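Engineer: My questions concern the predicted model and sequence given below.
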Amino acid sequence: MKPEPYTFTYIDEFGHTNSAACGQNEYHSLMELLFDKYLQEWGDCKGRAWCGTCHIQILEGYLSSKMQQEEKQTLSHLDDACAQSRLACQIPVNAELHNLVFKVITENDYGSK
């Protein structure tokens, strides 16, 4: 029996709400999944938690994975980081993504104006 896909919702830089889905073990990180299926020009450092281009803000849901020092360091340099901020490259694709709602944070945030 094939496991059900994880579904989640994200708000893109234009303010559009999008649904997304992925299978178990389909991708290593949330950044890889979003880059492959939904977004372009994302993840300049290729998932090393150095650049902050995959910054997201969790709006609904919870991730139990602890932030590593590199992610904390990068987020500390971002002006728009908050307590709900994470880097998508550091979020594993697992059951915790199911029903998660988050916003993609970019310098070109067209949806908030």
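Structural biologist: Structure's in. What do you need?

Engineer: contacts, neighbours, all on C-alpha from now
Structural biologist: Noted.

Engineer: Could you pull out the strands in the protein for me?
Structural biologist: 6-11, 17-22, 55-60, 85-87, 101-104 (DSSP state E).

Engineer: Out of those, which one sits most buried?
Structural biologist: Mean neighbours per residue, mean count of other CA atoms under 10 Å, is largest over the strands of the chain for strand 85-87, with a mean of 24.

Engineer: What is the distance between that one and the centre of its chain?
Structural biologist: For strand 85-87, the distance between its averaged C-alpha position and the chain's averaged C-alpha position is 7 Å (CA atoms, centre = their mean, to the nearest Å).

Engineer: and if you look at stretch 98-106?
Structural biologist: The chain centroid and the centroid of stretch 98-106 are separated by 6 Å, computed with CA atoms, centre = their mean.

Engineer: Gly47: how many residues sit nearby?
Structural biologist: By other CA atoms under 10 Å, the residues close to Gly47 number 22.

Engineer: tell me the contacts of the nearest residue to it once chain neighbours are set aside?
Structural biologist: If you skip the residues right next to it in sequence, Gly47 has Cys89 as its closest partner in space, 4.8 Å away by CA to CA, 6 or more residues apart in numbering. Taking CA atoms under 8 Å, 6 or more residues apart in numbering as the contact definition, Cys89 lies against 29-32, 43, 46-49, 54.

Engineer: one more time with 6 Å, if that's ok
Structural biologist: Contacts for Cys89 (CA atoms under 6 Å, 6 or more residues apart in numbering) come out as 29, 31, 47.

Engineer: Quick one, which of these has the minimum pLDDT?
Structural biologist: Ranked by pLDDT, these bottom out at Gly47, which has 87.

Engineer: What separation is there between that one and Val104?
Structural biologist: Distance of Gly47 to Val104, given as CA to CA, to the nearest Å: 16 Å.
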